[in-house]
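S.K.: everything below, folded, please.
(one chain, ligands or ions: 1)
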Amino acid sequence: CASSSSSPPLAPTHGGHGPAAAGPGVVELNPPRGTRDFPPEEMRLRTWLFDHFREVSRLIAFEEVDFPVLESEALFVRKAGEEIAEQLYSFADKGGRRVALRPEITPSLARLVIRRGTSAPLPLKWFTIGQCWRYERMTRGRRREHYQWNMDVFGVPGVRAEAELIQAIVLLFERLGVASSDVGIRLSSRKVLQVVLDMHSVPRHLFTQVCVIVDKLGKMSRDEIERELISTGLPSEAVQGIIDVLSLKSLSELEQVLGSGAAEAVADLKKLFSFAEHYGYADWICFDASVVRGLAYYTGIVFEAFDRQGELRAICGGGRYDRLLSTFGSEDVPACGFGFGDAVIVKLLKEKGLLPHLSRQIDDIVFPLDGELQGPASCVTSSLRKNGRSVDLVQDKRLKWVFKHAERVNASRLVLVGKSEWERGMVRVKILSTREEFEVKAGELQ
Ligand SMILES: OCc1cccc(Br)n1
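M.R.: Next up, the predicted model:
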């Protein structure tokens, strides 16, 4: 009940007047640039998608965790030139502390694993769905926030963790009606790139920077990639070696070109392909040496889901990060995980005609036929809700409006509380699908 002088009036957006022209004292009604509101129809789609994320996480026996959207900036400061670090949504809070709206969730997961220490028996299989942020100059008009489903495994050094994660992704796609003819999962190992750099005596400290640059393949021209690689100080023959290896499309080619140096990477990949056969998702995955992903901390298998028509950005992506925890001053724990954003998948579903039709659904509408029956109507409503029925108690409307409303919200029943029926302890029930109508004792209505 703030007085009118203390808060500027919100521009009227309902009642048919439309938003007032922006001007002094009129609050901006759009959400901050790059962010979204979720009105009911959008929220139903988001809830539908997140329910699938949750159900798949349950199927793979992952536990849900959560974290603050706001983290210490230090959690994300890395020197590898990642876009995610360059676009960090960071600021000094009122206490002068450097904080950031998280751009990703993996560092928070790692922070909690460290906090929990050895009290948490390994392996840990954790998932979360959370909003992530970036501060990008709006010149590109891209979003500044999205929601990401993350699934991460801590304490499993072998690729069977990656095999579990890839099954989660495949199960999700299958639940949404996406087939392996629509989407593939390309995978490789960063150990491949490590071997190439070692072959050319490139210092190890350049590894993460090289990976971040190489990940821009497909988004930047090959010449630009080569120029960026040269600018890190790589000798030109190393750059050529990298570009040549990235075009390899089979493990046998990889073995031929890299020889025994790639033995570990090839063994990991062969084991993962073997697991894929046993899980039954082999037709979803393919080896692609150009996959490196753009996060500095990946150390092994990396993977990303892509639309086979090649029109969209990666739908999800992830990989192994066995040395992230030591960057936070802790003992390392082998780990791998993926992030699955809420935007590209919806674009894919739209393109494939796979978006669900999600309308509002209410079990009962209770309507008092005149004013002094509002009390009894509330009593009937309360009893139905305690029995688990979703009830819309409608007041101060004409009956014609109530029938229209019942149709709009796909109500199953209309419960009319009328004077003569109530005096006999009864209410009138209309089954809206069959038009069947009957009286029932108010106390027995379920
Ligand atoms: O995938 C990179 C990213 C991070 C935070 C927010 C958004 Br939108 N996109």
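S.K.: what ranges do the strands span in the stretch 51-200 of the chain?
M.R.: 63-64, 70-72, 89-92, 98-101, 124-133, 145-154, 183-189 (DSSP state E, counting those that start in this stretch).
S.K.: same question, the stretch 301-446 of the chain
M.R.: 301-307, 316-320, 335-341, 364-368, 391-393, 413-417, 426-431, 437-441.
S.K.: what's the average pLDDT for stretch 416-431?
M.R.: For stretch 416-431, the mean per-residue pLDDT is 97.
S.K.: for that stretch, measure first residue to last.
M.R.: 11 Å (C-alpha to C-alpha, to the nearest Å).
S.K.: what residues does that stretch touch?
M.R.: 366-370, 372-373, 376-377, 380, 412-415, 436-443, 445 (C-beta atoms under 8 Å, 6 or more residues apart in numbering). For every residue, glycine as well, the C-beta is placed using N, CA and C.
S.K.: with stretch 262-275 instead?
M.R.: 158-160, 162-163, 166, 187-189, 191-192, 195, 251, 254-255, 258, 282, 285, 287, 300-301.
S.K.: go again using 7 Å as the cut-off
M.R.: For stretch 262-275, contacts defined as C-beta atoms under 7 Å, 6 or more residues apart in numbering pick out 159-160, 162-163, 187, 189, 191-192, 195, 251, 254-255, 282, 287, 300-301.
S.K.: quick revisit: wait, which of the strands of the stretch 301-446 of the chain is closest to the ligand?
M.R.: strand 335-341 (6.0 Å; C-beta to the nearest ligand atom).
S.K.: about what we covered before: okay, the strands of the stretch 301-446 of the chain in JSON lines with distance to residue 242 and mean neighbour count next?
M.R.: Shown next, in JSON lines, are those (distance: least, C-beta to C-beta, whole Å; neighbours: other C-beta atoms under 10 Å):
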{"stretch": "strand 301-307", "distance to residue 242": "15", "mean neighbour count": "25"}
{"stretch": "strand 316-320", "distance to residue 242": "18", "mean neighbour count": "26"}
{"stretch": "strand 335-341", "distance to residue 242": "24", "mean neighbour count": "23"}
{"stretch": "strand 364-368", "distance to residue 242": "65", "mean neighbour count": "25"}
{"stretch": "strand 391-393", "distance to residue 242": "62", "mean neighbour count": "19"}
{"stretch": "strand 413-417", "distance to residue 242": "67", "mean neighbour count": "22"}
{"stretch": "strand 426-431", "distance to residue 242": "69", "mean neighbour count": "18"}
{"stretch": "strand 437-441", "distance to residue 242": "76", "mean neighbour count": "12"}
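S.K.: buried sites along stretch 355-364?
M.R.: Judged by neighbour count using 16 or more other C-beta atoms under 10 Å, the buried positions of stretch 355-364 are 362, 363, 364.
S.K.: out of the contacts of stretch 416-431, which are close to the ligand?
M.R.: Subset of the contacts of stretch 416-431 in contact with the ligand: empty, counting by C-beta under 6 Å from any ligand atom.
S.K.: the ligand contacts on the protein?
M.R.: Residues of the chain lying near the ligand (C-beta under 6 Å from any ligand atom): 103, 132, 133, 134, 143, 144, 145, 146.
S.K.: recalculate using a threshold of 8 Å.
M.R.: Residues of the chain lying near the ligand by C-beta under 8 Å from any ligand atom: 34, 83-84, 87, 103-104, 132-134, 136, 142-146, 148, 339, 341, 343.
S.K.: picking up where we left off before, in helices, which of the contacts of stretch 262-275 fall?
M.R.: 160, 162, 163, 191, 192, 195, 251, 254, 255 (DSSP state H).
S.K.: by neighbours, which of those residues wins?
M.R.: residue 162 (29 neighbours; other C-beta atoms under 10 Å).
S.K.: give the closest residue to it in space, chain neighbours not counted.
M.R.: Nearest non-adjacent residue to residue 162, counting by C-beta to C-beta, 6 or more residues apart in numbering: residue 301, 4.8 Å away.
S.K.: same thing with residue 356?
M.R.: In space, residue 356 is closest to residue 48, 5.9 Å off (C-beta to C-beta, 6+ apart).
S.K.: so which helix or strand takes in the one you found?
M.R.: helix 40-59 (DSSP states H and E).
S.K.: now do that helix against strand 124-133, angle only.
M.R.: Interaxial angle of helix 40-59 relative to strand 124-133 (axes from the mean of the first three to the mean of the last three C-alpha atoms, to 10 degrees): 160 degrees.
S.K.: residue of the stretch 151-300 of the chain closest to the ligand, please.
M.R.: Counting by C-beta to the nearest ligand atom, the stretch 151-300 of the chain gets nearest to the ligand through residue 294 (8.8 Å).
S.K.: against residue 85, how distant is that residue?
M.R.: 10 Å (C-beta to C-beta, to the nearest Å).
S.K.: one more: residue 396?
M.R.: 56 Å.
S.K.: which of the two has more residues huddled nearby?
M.R.: Between residue 396 and residue 85, counted using other C-beta under 10 Å, residue 85 has the larger neighbour count: 20 against 8.
S.K.: how near is that one to residue 295?
M.R.: In terms of C-beta to C-beta, residue 85 sits 10 Å off from residue 295.
S.K.: ok, now residue 254?
M.R.: For residue 254, the distance to residue 295 - C-beta to C-beta - is 22 Å.
S.K.: list the contacts for the residue nearest the centre of the chain?
M.R.: Against the mean C-alpha coordinate of the chain, by C-alpha atoms, centre = their mean, the closest residue is residue 148 at 2.5 Å. Contact analysis of residue 148 by C-beta under 7 Å, 6+ apart lists 105, 130, 132, 339, 340, 341.
S.K.: which residue comes closest to the fifth one once chain neighbours are left out?
M.R.: With C-beta to C-beta, 6+ apart as the criterion, residue 340 has its nearest non-adjacent residue at 3.7 Å, and that residue is residue 316.
S.K.: re earlier: can I have the buried ones of the residues of the chain next to the ligand as a ChimeraX selection?
M.R.: Per 16+ other C-beta under 10 Å, the buried members of the residues of the chain next to the ligand correspond to this ChimeraX selection:
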select :34,83,84,87,103,104,132,133,134,136,144,145,146,148,339,341,343
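S.K.: give me the nearest residue to residue 159, chain neighbours excluded.
M.R.: Closest to residue 159 by C-beta to C-beta, 6+ apart is residue 272, at 4.6 Å.
S.K.: nothing else from me, thank you.
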